[in-house]
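Trainee: quick one, fold the following:
(chains A, B, C, D, E and F)
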Number of protein chains: 6
Amino acid sequence: MRPSGRQTDQLRSISIETGVTRHAEGSCMIRCGDTHVLCTASIEDRPPPFLKNTGLGWVTAEYGMLPRATHTRGRREAKNGQTGRTQEIQRLIGRSLRAAVDRVALGERQITIDCDVIQADGGTRCAAITGGWVALRLAVNKLLKAGIVTSDPIKDHVAAVSCGIYAGQPVLDLDYPEDSEAGVDGNFVLTGNARLIEVQMSAEGATFSRDEMSSLLTLAEAGTAALVDAQKAALA
Amino acid sequence: MRPSGRQTDQLRSISIETGVTRHAEGSCMIRCGDTHVLCTASIEDRPPPFLKNTGLGWVTAEYGMLPRATHTRGRREAKNGQTGRTQEIQRLIGRSLRAAVDRVALGERQITIDCDVIQADGGTRCAAITGGWVALRLAVNKLLKAGIVTSDPIKDHVAAVSCGIYAGQPVLDLDYPEDSEAGVDGNFVLTGNARLIEVQMSAEGATFSRDEMSSLLTLAEAGTAALVDAQKAALA
Amino acid sequence: MRPSGRQTDQLRSISIETGVTRHAEGSCMIRCGDTHVLCTASIEDRPPPFLKNTGLGWVTAEYGMLPRATHTRGRREAKNGQTGRTQEIQRLIGRSLRAAVDRVALGERQITIDCDVIQADGGTRCAAITGGWVALRLAVNKLLKAGIVTSDPIKDHVAAVSCGIYAGQPVLDLDYPEDSEAGVDGNFVLTGNARLIEVQMSAEGATFSRDEMSSLLTLAEAGTAALVDAQKAALA
Amino acid sequence: MRPSGRQTDQLRSISIETGVTRHAEGSCMIRCGDTHVLCTASIEDRPPPFLKNTGLGWVTAEYGMLPRATHTRGRREAKNGQTGRTQEIQRLIGRSLRAAVDRVALGERQITIDCDVIQADGGTRCAAITGGWVALRLAVNKLLKAGIVTSDPIKDHVAAVSCGIYAGQPVLDLDYPEDSEAGVDGNFVLTGNARLIEVQMSAEGATFSRDEMSSLLTLAEAGTAALVDAQKAALA
Amino acid sequence: MRPSGRQTDQLRSISIETGVTRHAEGSCMIRCGDTHVLCTASIEDRPPPFLKNTGLGWVTAEYGMLPRATHTRGRREAKNGQTGRTQEIQRLIGRSLRAAVDRVALGERQITIDCDVIQADGGTRCAAITGGWVALRLAVNKLLKAGIVTSDPIKDHVAAVSCGIYAGQPVLDLDYPEDSEAGVDGNFVLTGNARLIEVQMSAEGATFSRDEMSSLLTLAEAGTAALVDAQKAALA
Amino acid sequence: MRPSGRQTDQLRSISIETGVTRHAEGSCMIRCGDTHVLCTASIEDRPPPFLKNTGLGWVTAEYGMLPRATHTRGRREAKNGQTGRTQEIQRLIGRSLRAAVDRVALGERQITIDCDVIQADGGTRCAAITGGWVALRLAVNKLLKAGIVTSDPIKDHVAAVSCGIYAGQPVLDLDYPEDSEAGVDGNFVLTGNARLIEVQMSAEGATFSRDEMSSLLTLAEAGTAALVDAQKAALA
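Mentor: So this is what the prediction gives:
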């Protein structure tokens, strides 16, 4: 049995609330159970230096946690000096979102997705990707509406979910009590079309088999499909 | 006329919502018009090193802005390398709250007040003090209820408001459009009993007279009295 | 009685010696009792980046303490990583001096005022402002004499003094033994014409009334008038 | 055709030379084609602070590149301020090796694996894991021989290889020209017993299917089996 | 001819004024022509961590320049992030002074010599050593007088001077105009007894012969003898 | 007797292997006994900013130690935050090599010599200079061969050796056991023509006489002559 009483293939309750801050070009608050992440998209009219005069745009992400998003108070992190974990997460978010973006259609501009964890209960990086995509979508809609961008640079939905082996069982969407006990856990990023963008599975202490890997992927496919539905509902 | 259409002595609409995050010992979201600040209080069982074996407790604060709390995206800041402005603000918050705390009654522990600006429209440091006091009050209530602290270490309310000279007129509770135009502006921190804790008035470009200083203080007395009422209502 | 035997409204003995270093465009050593601050003004022919092509000049300040200016040895500080206290002080010095400068008349150049405390006995930030103004005046005189600047950009004198409530009494120009005991203390920056530029009053532990605030301001008006006289004498 | 002329399932030539530095408790130079990594294992008699009095040991890794290991000269990196890429890599190396270590048997000590890339031609992180395991094995052999550790804490071999989709084809052991062109690439860490420790697949620009993922894993199983044979030969 | 009109073997005018700051255990202002360095000695009752329980004391130095000690304004430097030049100089000062100290007689304490250049005109590191020794001597005198140290830990005077080849001629005590033109220059640290502590000669652009090296050393012997006399006079 | 059994004037066995890495424009591994340093030369087509439009080139050096090059594991160092020792060493290497370079003939380009200590047994900075010169020579040969530089900018060989007073005797080429015991030690950098480039002698604890200085220099002249022969052999 899972600590939350959920079925092995059951997601936490999801809510995605859009338009939550005045200044950002796109924003949402995503809540996956007790994990709450504020995602904002900020458009800059010029690309990062390495893309000058290439005709290509860029999508990047930053990830942060409010100091008391967790059980014990953590430290604020700046752009220089982030922990390895934070850097891994924000690189993952950026890479995942870019996989669904046509950078020629976007043109020479940069969109920064800030994902700030207001409250954490496991799965924050996956919530950040799923919510970050919504903020990105809203910001790009603005560009399209204003005629600044004429062909939609977003090729598909992007959503992410964690799966792991908890108490010997493959389970979907780990919360913190499960995450801290799981011998194997993975993050899966998929498109709306069920194509894979990123798979990260790792074992600390235990190891896993090809079959277990396959089971987790099957759970992830169902989970991300439901998350894509939630994205669509939020944007409707 | 003020850009917002308010009277010269009119505060923005205030709301203080308590208990907004699961993990913190005390928390609130304070909204002063379009300025929204999430305040959390985190208790640690031991004091900072310089107070070891003194019998005294400590209250300190950290202040941050989400990158897109403002019109243009800002940088994340860590504990080392914060701008001078951020350091000034968090030192002010800590000093202001400590002025109303009996550190002997608190005992050898530390309470950290994190004030994270979710959305900014001027007056963030004052909102942080007013909301930070509520978070502190809630955390101390927990200590009292658990019998860890037996005599209430909080001696009075603490609330803060900005006033300034805008378009030649003394006005209460500057919002961003006013703040960026005002030749003189000040922050006033007062107790529930209308005693002064901190007065900071500064002119860049203009200078001001003793009489103008006095008018601003009169506005601040009325403004903080109303904020103290809002604190009481939120805690009721 | 004050530890130094001074009257409540008595300044420490002041001396301002100009031209103390060869290389700086303006310099003085200001001694307020046992507080000694070396102030230099350095002119750069171009403004800081944010003022390029605006026609405006800039005056900024840096503040430092020699490691053994104080009772116990302190740490050297660089531009990045200064303590909050140091940053607050140098921001205050810069803001105070700019309030008396016509930045159009100064033109697109920058003057940096370095205030290095050689020996500290309380009131270093106020001594730095009063002495810093003299260094600025001397540097601007050079620009005027050379015809680089044709209309005097300095509109008035700027001088600063601290006042506080020590042993229940409002007193002028706190030295270190008083400063470390005072429940309330303030820094007042005024022009030669007795207009206010900056008022910073703060209480740690105690609070204060409107009347006490008023008494301190009266002391400060007399104190800064005497400091302005000392500036005039030094420049004569 | 691959740029190197290799078959799609062909590893680069491998050599593992042990005992290459005097001071380290274990060391080897691993050469996978033109990728050369010096791996050393350093034993410390005490565990990291977070493991004090737990009875558990720790294995950790640091990864570096000599400035001219690559086509264009790079920057030296210190422990603080490493790039996100470097941190990701060294976290992966440490996690991978720990998965095969019985930390109770190791006891309260720490082994640090330094992996310094002398020359880079793709696949440095995988070479570091495969070579790092050999250095770790040699250091642990010393502990066993000296009777400091009595039961072998290493449970199995650990080896890693990259696979990717290059020019539409799944290929084993990408070199730099392939790596910089591949739309999808992955790193696979397996035990001597063909159990999975870590799978990291990512797409930038392209996406991939479940079947492609499966093909890459099949290549990786064969590749790591050959690498484990090379480890055995080097230690024989 | 030298720019200053001095003979090739002529020192600049020297003055050493002791007791220039209130707080330091020993202090002097040394003036070698237009090079002015404030030297203070600060005693700490405990040695640096690496000397705990060894019975040995430590003497160390820090070197700094006020931002406008030079022709163009420089940057403040903190303990972390000092330039290589600054670190070289302060390591040299510390090493030079320790060569004349009996660290057993000093006992487990640390004396820090701060050398702050108020005005620079070449030869600042040598002035810092010569003046630093006086500050050290005064601080140790205090320890002896108080009976905290019973046997004099200072074995001899230490003084330093620069020499170089300027316009083809070996000259003593280079000032800035000479220093910036000299093809070869050296710093020589000697004891009161004319024993060598440190010799640093370097050429950038030119090279030098054994004979030239010998001539410079002869000049340095005479120069440091005169500096030792100035030390004695200052302490008398 | 020396710990190694060498004569007082006997160098350690030397080997210089060229062309050890693919990417660098010049490279060698120099082995002086158990001290092994990998030296690479990297050419950049533009000079450092301070030499733009001067027609002059630049040669600079960076020095590093692999973490386990020494008996106990050390820390990685980046360009910012290197220890004073590291900075001194790399400044010495750069200065020494530049002394033999005609910077006009080199033209507006920069050559960076990276000296990475793979294994340390004393004398690493001297080995770095001697090996660094070989890497520089090879890189410049490439520029000459390609016709990018037409007149040879290298005027002479540069080689370095340490000497010191060990057990009362002047000895050549100290290894680590000698270095850690020597009361006086020096580094001598000479040209192929036996001209001096740099002499650094220092005593910690002891002092030395003019005669001892002379003996060490005599040893160094013979030692560097042998090292120059080894350079020639390696390049033949």
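
Trainee: chain A: helices as residue ranges?
Mentor: Secondary structure of chain A (DSSP state H): helices at A:84-98, A:103-106, A:124-145, A:176-179, A:210-235.

Trainee: for E:Gly33, find the nearest of those.
Mentor: Of all those, helix A:84-98 sits nearest to E:Gly33, with 53.1 Å by CB to CB. C-beta here means a position set from N, CA and C on the backbone, and glycine is covered the same way.

Trainee: so does that closest one get close to chain F?
Mentor: No: Helix A:84-98 stays clear of chain F (CB under 8 Å from any CB of the partner chain), getting no nearer than 14.6 Å.

Trainee: tell me the angle that helix makes with helix D:84-98.
Mentor: Put simply, helix A:84-98 runs at 110 degrees to helix D:84-98, going by axes from the mean of the first three to the mean of the last three CA atoms, to 10 degrees.

Trainee: quick one: pLDDT of A:Phe188?
Mentor: On pLDDT, A:Phe188 comes in at 98.

Trainee: could you do A:Ile16 as well?
Mentor: On the pLDDT scale, A:Ile16 is placed at 98.

Trainee: identify the residues contacting the closest residue to it other than its chain neighbours.
Mentor: Distances taken as CB to CB, 6 or more residues apart in numbering or on different chains place A:Ala234 nearest to A:Ile16, at 3.7 Å, with adjacent residues excluded. Counting by CB atoms under 8 Å, 6 or more residues apart in numbering or on different chains, A:Ala234 touches A:16-18, A:28, A:134.

Trainee: any idea how many residues pack against A:Leu144?
Mentor: Neighbour count of A:Leu144, defined by other CB atoms under 10 Å in any protein chain shown: 15.

Trainee: which residues touch the nearest residue to A:Arg75 once chain neighbours are set aside?
Mentor: Counting by CB to CB, 6+ apart, A:Arg75 lies nearest to B:Lys79, which is 6.1 Å off, once chain neighbours are set aside. Counting by CB under 8 Å, 6+ apart, B:Lys79 makes contact with A:75-76, B:62.

Trainee: run through the bridge partners of A:Ile165.
Mentor: Per DSSP bridges, the residues bridged to A:Ile165 are A:Pro170, A:Val184.

Trainee: which residues touch it?
Mentor: A:171, A:182-185, A:206, A:208, A:212, A:216.

Trainee: of all of chain A, which residue lies closest to chain B?
Mentor: For chain A, the residue closest to chain B is A:Ala78, as judged by CB to the nearest CB, at 3.7 Å.

Trainee: A:Gly57 is in contact with A:Pro48, correct?
Mentor: No: the criterion here is CB atoms under 8 Å, and A:Pro48 misses it with A:Gly57 at 9.7 Å.

Trainee: ok, now how distant is the most centrally placed residue in chain A from A:Ala61?
Mentor: The residue lying closest to the centre of chain A (CA atoms, centre = their mean) is A:Ile129, at 1.1 Å. Distance, A:Ile129 to A:Ala61, by CB to CB, to the nearest Å: 9 Å.

Trainee: okay, and the common contacts of these two?
Mentor: Common neighbours of A:Ile129 and A:Ala61, counting by CB under 8 Å, 6+ apart, are A:93, A:97.

Trainee: any idea of the pLDDT on the residue of chain A most remote from its centre?
Mentor: Ranked by distance from the centre of chain A (CA atoms, centre = their mean), the top residue is A:Asn53, with 29.6 Å. pLDDT for A:Asn53: 95.

Trainee: try A:Ser162
Mentor: For A:Ser162, the model assigns a pLDDT of 98.

Trainee: how about stretch A:184-199: buried residues?
Mentor: Across stretch A:184-199, burial judged by 16 or more other CB atoms under 10 Å in any protein chain shown covers A:184-192, A:194-199.

Trainee: surely A:Phe208 meets A:Met201?
Mentor: Yes: at 7.1 Å, A:Phe208 counts as touching A:Met201 under the criterion of CB under 8 Å.

Trainee: which neighbours do these two share?
Mentor: Each of A:184, D:196 lies in contact with both A:Phe208 and A:Met201 under the rule CB under 8 Å, 6+ apart.

Trainee: count the neighbours of the residue of chain A at minimum distance from chain C for me.
Mentor: Nearest residue of chain A to chain C (CB to the nearest CB) works out as A:Asn80 at 10.8 Å. Residues near A:Asn80, counting by other CB under 10 Å, number 12.

Trainee: A:Lys232 too?
Mentor: By other CB under 10 Å, 13 other residues sit near A:Lys232.
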